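Asker: sequence first, predicted model second:
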Amino acid sequence: MVYYRKPGWFTNHIFNPIVQGLTRLGVSVWGSRILRVRGRRSGEWRSQPVNLLTLEGKRYLVAPRGLTQWVRNIRVTGAGELVVGGRVEPFKAVEIPDDQKVPILRAYLKRWKAEVGIFFGGVSADSPDGELRRIAPDHPVFRVDPA
């Protein structure tokens, strides 16, 4: 079964627009970026606020809601852009295999659990590795490399 948590009304109409607005103005809210990815069928740019995680000198995008449209688009295009204010950073995306996600998911939950913890089924940054391995297939992770 494919894991996906659809955003609710508050997220779509209040939270995401506020974060997107601030990020467009150049204010990164807890590491926020505007992710821009070309649609896999339309070719049109699609935008979504995301949290960019930096861990051991590498940067990652984690999909807390699972198999979202931006995940599907990145899997096809292999690239996108991260935007903060007027700065646009093109990138190549490399999907991380499930068996390598544990430290990334742990760091992501440590930083953003208050915002996204509900999507991880009770698993937290303090959970055993086995619990993080169990949920890893539900949360796609991409390394962000310079284009």
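Answerer: On my side now, so go ahead. Please read all numbers here as calculations on a predicted model, not as lab measurements.
Asker: mind checking how far the helix ranked longest in the chain is from the chain centre?
Answerer: Ranked by residue count and defined by DSSP state H, the top helix of the chain is helix 102-116. In terms of C-alpha atoms, centre = their mean, to the nearest Å, the centre of helix 102-116 is set 11 Å apart from its chain centre.
Asker: list the buried residues of it.
Answerer: 102, 104-109, 111-113, 116 (16 or more other C-beta atoms under 10 Å). Any C-beta I mention is one placed from the backbone N, CA and C, and that applies to glycine too.
Asker: and the helices in this protein?
Answerer: With DSSP H as the criterion, the chain has helices at 9-10, 16-24, 69-77, 102-116, 129-135.
Asker: strands along this protein, start to end?
Answerer: 32-38, 45-55, 58-62, 79-84, 87-95, 141-146 (DSSP state E).
Asker: show me what the longest helix of the chain is packed against.
Answerer: Helix 102-116 sits against strand 45-55, strand 58-62, helix 129-135, with contacts defined as 3 or more C-beta pairs under 8 Å, 6 or more residues apart in numbering; DSSP states H and E.
Asker: one step back: minimum distance to residue 17: which of the strands of the chain has it?
Answerer: Residue 17 lies closest to strand 45-55 among the strands of the chain, at 8.9 Å (C-beta to C-beta).
Asker: just the buried residues of the closest one, please?
Answerer: Applying 16+ other C-beta under 10 Å to strand 45-55 flags 47-53 as buried.
Asker: okay, it in CSV with CA atoms only?
Answerer: What follows is strand 45-55, C-alpha atoms only, in CSV (Å, rounded to 0.1, in the frame of the first residue of the first chain):
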residue,chain,number,x,y,z
TRP,A,45,6.5,24.4,-12.9
ARG,A,46,4.9,23.3,-9.6
SER,A,47,5.7,24.9,-6.2
GLN,A,48,5.6,23.5,-2.7
PRO,A,49,7.2,24.6,0.6
VAL,A,50,9.6,22.1,1.9
ASN,A,51,12.1,21.8,4.8
LEU,A,52,15.7,21.4,3.6
LEU,A,53,17.8,19.3,5.9
THR,A,54,21.6,19.6,6.1
LEU,A,55,23.3,16.6,7.6
